[in-house]
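>>> For reference, the sequence and a predicted model appear below.
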Amino acid sequence: MITERQQEIIETSLGLISEKGIQGLTIKNLSKKLGITEPAIYRHFENKIQILIALLDLLKKNTSVIFEAELNSDETAVLKIERLFEKHFKSFAEMPSLASVVFSEEMFRNEEKLTDKISEVIEANNKTLLTILKQGQQNNEIRSDIEAEHLVIFIMGALRLFVKKWQFAKFTFNLQKEGNKLIQSVKLIISKK
């Protein structure tokens with residue numbers, strides 16, 4: 001359970017990342033933005049890595065809620081996947097800095113704890129998506145001439161690349177509107193003909 005102050009630090013960290021990029025997230029910048037001393041931050045988090053881990057824990061919690069809700073819905077597999085995309089695009093559109101954290105390869109490269117944490121998030125999401133796809137194949141909704149494991153890679157890769165494209169475009173296009181076009185293409189690719 002995180003405290004109110006920890007939540008404030010996490011939210012301010014996301015804001016800093018949004019403004020200055022991941023390299024702008026420093027304890028010094030954070031303390032200035034919060035109007036508190038650097039030692040005050042250290043009372044709540046051991047270091048910047050712990051803040052980023054808390055951010056990734058928040059992401060894991062939020063995405064698992066999205067994935068589990070779709071897994072447990074009574075809709076078709078194709079509709080579940082469409083809604084997964086829509087909810088992720090909406091989430092990133094509302095909080096672009098989250099995309100900066102999730103898709104920041106340089107942040108994870110040299111920090112094993114962060115690599116492990118993002119791997120947990122990815123694996124949990126992939127496992128749920130795989131279950132949805134396999135159910136869709138069993139129900140004759142999703143094409144079965146391609147292995148479900150490969151469809152997971154196609155789908156998650158498309159989502160990741162599309163959000164990265166939006167991020168590189170400095171968030172200038174409407175992620176949800178343009179993302180809906182991508183969703184329709186993904187549906188064409190994965191649906192049983």
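Ah, there it is.
>>> Isn't residue 133 up against residue 77?
Yes. Between residue 133 and residue 77 there is a contact under Cβ atoms under 8 Å: 6.4 Å. From N, CA and C alone the C-beta is placed, and that goes for glycine too.
>>> what's the overlap in contacts for the two?
Shared contacts of residue 133 and residue 77, defined by Cβ atoms under 8 Å, 6 or more residues apart in numbering, comprise residue 142.
>>> between the two, which one's more packed in?
residue 133 (27 against 23; other Cβ atoms under 10 Å).
>>> Excluding covalently adjacent residues, which one is nearest to the more buried one?
Closest residue to residue 133 apart from its sequence neighbours, by Cβ to Cβ, 6 or more residues apart in numbering: residue 148 at 4.2 Å.
>>> how close does the one you found get to residue 119?
Per Cβ to Cβ, to the nearest Å, residue 148 is found 20 Å from residue 119.
>>> more crowded one of those two?
Remark: of residue 148 and residue 119, residue 148 carries more neighbours, 20 against 11, as counted by other Cβ under 10 Å.
>>> Check the gap between the nearest residue to residue 140 once chain neighbours are set aside and residue 29 for me.
Among residues not flanking residue 140 along the chain, residue 192 sits closest, at 5.8 Å (Cβ to Cβ, 6+ apart). Going from residue 192 to residue 29 by Cβ to Cβ gives 51 Å.
>>> Likewise for residue 136?
Residue 136 is 46 Å from residue 29, by Cβ to Cβ.
>>> Neighbour count: those two, which is higher?
Higher neighbour count among residue 136 and residue 29: residue 136, with 24 against 16, using other Cβ under 10 Å.
>>> secondary structure element for that one?
Per DSSP states H and E, residue 136 falls inside helix 112-138.
>>> Averaged pLDDT, that helix. What do you get?
Averaging pLDDT along helix 112-138 yields 90.
>>> and the very next helix or strand once past it, how far from the chain's centre?
Next helix or strand after helix 112-138 toward the C-terminus (DSSP H and E): helix 148-168. Relative to its parent chain, helix 148-168 has a centroid offset of 11 Å by Cα atoms, centre = their mean, to the nearest Å.
>>> where's the next helix or strand after helix 148-168 relative to the chain centroid, distance-wise?
Once helix 148-168 ends, the next helix or strand along the chain (criterion: DSSP H and E) is helix 175-190. Counting by Cα atoms, centre = their mean, helix 175-190 is centred 17 Å from the centre of its parent chain.
>>> before we move on, what about stretch 57-72?
10 Å.
>>> do stretch 174-193 as well
That offset, for stretch 174-193, works out to 18 Å (Cα atoms, centre = their mean).
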